[in-house]
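give the three-dimensional model of this entry:
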Amino acid sequence: MTKLWEARRAVESIEEEMLNLLRRRQFDAADEKSRLIAKDTYERFVKPLNDCEVFQLIDEITGGLAYRKGDFNIMRMVYCGSIIAWPEAIPDGGRVLEIGTGIGRTCYVAIEWANPSLFVTIDVSPFVLAIALFRNTVSAYRESLWRKHVKIVLYDSLKAADALNLMFDHIIHDGGPNPRRNPALYSRESLYTLSKVLKLGGSMSIFAGRDRKWQNEIDRTLKSQGFEVKSASFPDAPTLVFHAAKKNRVLE
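A predicted model of the protein is given here:
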């Protein structure tokens, strides 16, 4: 409880400052502030944890990274990350917005398999950023988050997206373990907020989880907002990811 309270206070303490930085497109300053808080969280809370406790914390926050119990399969993790990131949709030199940094799996895929000029990634948890940046279980993921064109924003994803004064070519929506556990991020209003900062002709990839009811709802919402939608699935699992292309101007 103390850790959660501390994390909430850390985000609240920079709310006004972060929103102003995003409105002014000062991503370097937002990134520096976010990394400082992540470093402090690492020193105070994450550094003393053993490896099992780190894995448990990752699973509690992210819902898991597509590895199976007793089988930490990096290849499967990266393959699933490639489905979520959809790097082939990112134009050369394009701008990418990511909802849900996690430990950097989709960031790694996007910047290694594509060539974005800017990768803005948003996460509300200083704990997951502390692990991602300073205690990552996969060194390649950590290294990708330290690339100079990757800008981390520690803040509520939807509030941040609503404040952005910039249009993106591609959006990666991996903002929760599943829609049922975090419905606010997958609501009609939330998807509309994201669509407003996506260029016409741009693309958005959305992790839709396993729940068929939520999968159908997300699919209907995207199509009603002018997207052309195709689905992709994880290997040997009912988990879906929607790959959506913004073909028409989005209506409220």
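
make it CA atoms for all contacts and neighbour counts henceforth
OK.

ok, for the most centrally placed residue in the chain, nearest residue in space, not its chain neighbours?
The structure's the chain has its C-alpha centroid closest to G100; by CA atoms, centre = their mean the separation is 2.2 Å. In space, and not counting its chain neighbours, G100 is closest to G175: 4.1 Å by CA to CA, 6 or more residues apart in numbering.

surely that neighbour is in a helix?
No: membership of G175 in a helix is not supported by DSSP: H, G, I helix; E, B strand; the rest coil, which gives coil.

please renumber the chain so that the first residue is 39 from this point on.
Shifting the count to begin at 39 puts that one at G213.

who are the neighbours in contact with it?
By CA atoms under 8 Å, 6 or more residues apart in numbering, G213 lies in contact with 137-139, 161, 223, 245.

ok, so of those, who is nearest A123?
Of all the contacts of G213, A123 sits closest to F245, with 9.2 Å by CA to CA.

check which helix or strand the closest one maps to.
Here F245, judged by DSSP states H and E, is contained in strand 236-247.

tell me the helix or strand right after that strand.
Following strand 236-247 toward the C-terminus (DSSP H and E): helix 250-262.

and the contacts of that next one?
217-218, 224-226, 229, 246-247, 266-267, 278, 280, 282.

surely R62 meets N203?
Yes: between R62 and N203 a contact is recorded at 7.1 Å, counting by CA atoms under 8 Å.

tell me which stretches of the stretch 39-188 of the chain form strands.
Using DSSP state E, counting those that start in this stretch, the strands of the stretch 39-188 of the chain run over 133-137, 156-161, 188-192.

tabulate those (CSV), appending distance to W252, mean pLDDT and mean neighbour count.
Shown next, in CSV, are the strands of the stretch 39-188 of the chain (distance: least, CA to CA, whole Å; pLDDT from 0 to 100; neighbours: other CA atoms under 10 Å):
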stretch, distance to W252, mean pLDDT, mean neighbour count
strand 133-137, 18, 98, 24
strand 156-161, 22, 97, 23
strand 188-192, 27, 97, 25
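
any chance of those in TSV, plus distance to S120?
Below are the strands of the stretch 39-188 of the chain laid out as TSV (distance: least, CA to CA, whole Å):
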stretch	distance to S120
strand 133-137	14
strand 156-161	16
strand 188-192	18
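
for D69, which of the ones you listed is the nearest?
D69 lies closest to strand 188-192 among the strands of the stretch 39-188 of the chain, at 4.7 Å (CA to CA).

what residues does the closest one touch?
49, 65-66, 68-69, 72-73, 156-164, 182.

now do stretch 139-148
Contacts of stretch 139-148 (CA under 8 Å, 6+ apart): 100, 115-116, 119-120, 122-125, 128, 154, 157, 159-161, 166-167, 169-171, 174, 178-180, 182-183, 212-213.
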